[in-house]
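[1] next comes the sequence, and after it the predicted model I'd like to discuss.
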Amino acid sequence: MKPINTIVFDLGGVLVDWNPDYVFKKVFSDPGELEWFYQNVCTADWNEEQDAGRTLEEATETLVKKFPDHEAHIRMYYDHWEEMLGGPIEKTVALLSHLKHKTDYRLYALTNWSAETFPIALGRYEFLHWFHGRLVSGEEKMRKPFKEIYELLIARFGIDPTTSVYVDDNYRNLVPAKELGFRVIHFQSPEQFKKELEALGVGFED
């Protein structure tokens, strides 16, 4: 196999801790009620439509019309979105820092993220500026795991998948990357991520 010269990072769950629980666990005292809310009202599928380019206003108003009894909680989702940012995943950020400042690897980001909320994270976290390029789904109006966004990443930045590794905490998002020729890592912890990078020949020496 060709040696790795490019590493593509997912962001949420790999470098940034984001979780709506940080808001809604303060609101719902009953875990069962919270789970029902996630499964039926502010669902993962609903959130992913914003990642694909739908505006926060349209998303909110559509849901309020469908679930008027839950209007207050629905509006809370984006009114309190910044509180869902738990901060950097520090050990992964340290790995990224080393790769950025101590090696010659090309570093890119491919993230499912709303175009309206991504600037908040970009202003808060300096390490999001360390990449040679990034692709934000909401800005492109396409998202993972659809293959077209991976193909856009390849074309826009001149990436050769056969010399690249892609890391994501969502296994579903690894499948199209692998089909396109990337070597892939299913992120579970910074320690496991580093170990798998080293197994692929990615060095962390100065």
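    That came through fine.
[2] okay, now the domains of the chain?
    6-17+87-199, 19-84 (automatic domain parsing).
[3] next, the distance between the ends of the first one.
    Spelled out, it's domain 6-17+87-199. Taking C-alpha to C-alpha, to the nearest Å, the first and last residues of domain 6-17+87-199 lie 15 Å apart.
[4] returning to that earlier point: okay, the domains of the chain in TSV with mean neighbour count and mean pLDDT next?
    All C-beta atoms are positioned from the backbone trio N, CA, C, and that covers glycine. Output for the domains of the chain, formatted as TSV (neighbours: other C-beta atoms under 10 Å; pLDDT from 0 to 100):
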stretch	mean neighbour count	mean pLDDT
domain 6-17+87-199	18	97
domain 19-84	15	97
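[5] helices of the protein, start to end?
    21-24, 31-40, 44-51, 56-66, 71-79, 90-102, 118-124, 137-140, 147-157, 171-179, 190-199 (DSSP state H).
[6] and the angle for the last one with helix 90-102?
    This points to helix 190-199. 40 degrees (axes from the mean of the first three to the mean of the last three C-alpha atoms, to 10 degrees).
[7] chain center to helix 190-199: distance?
    19 Å (C-alpha atoms, centre = their mean, to the nearest Å).
[8] now do it: everything it contacts.
    The contact list for helix 190-199 (C-beta atoms under 8 Å, 6 or more residues apart in numbering) reads 7, 14, 89, 91-92, 94-95, 165, 167, 185, 187, 204.
[9] make it 6 Å
    91-92, 95, 185, 187 (C-beta atoms under 6 Å, 6 or more residues apart in numbering).
[10] repeat for the second one
    Outside of helix 31-40, the residues within contact range by C-beta under 6 Å, 6+ apart are 24, 28.
[11] alpha carbons of that helix, as PDB, please.
    Extracted as PDB, the C-alpha positions of helix 31-40 are listed here (Å, rounded to 0.1, in the frame of the first residue of the first chain):
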ATOM      1  CA  PRO A  31     -34.700  10.000  31.100                       C
ATOM      2  CA  GLY A  32     -37.600   8.200  29.400                       C
ATOM      3  CA  GLU A  33     -39.200  11.500  28.500                       C
ATOM      4  CA  LEU A  34     -35.900  12.800  27.100                       C
ATOM      5  CA  GLU A  35     -35.400   9.800  25.000                       C
ATOM      6  CA  TRP A  36     -39.000  10.100  23.700                       C
ATOM      7  CA  PHE A  37     -38.200  13.700  22.800                       C
ATOM      8  CA  TYR A  38     -35.100  12.700  20.800                       C
ATOM      9  CA  GLN A  39     -36.800   9.800  19.100                       C
ATOM     10  CA  ASN A  40     -40.000  11.700  18.100                       C
END
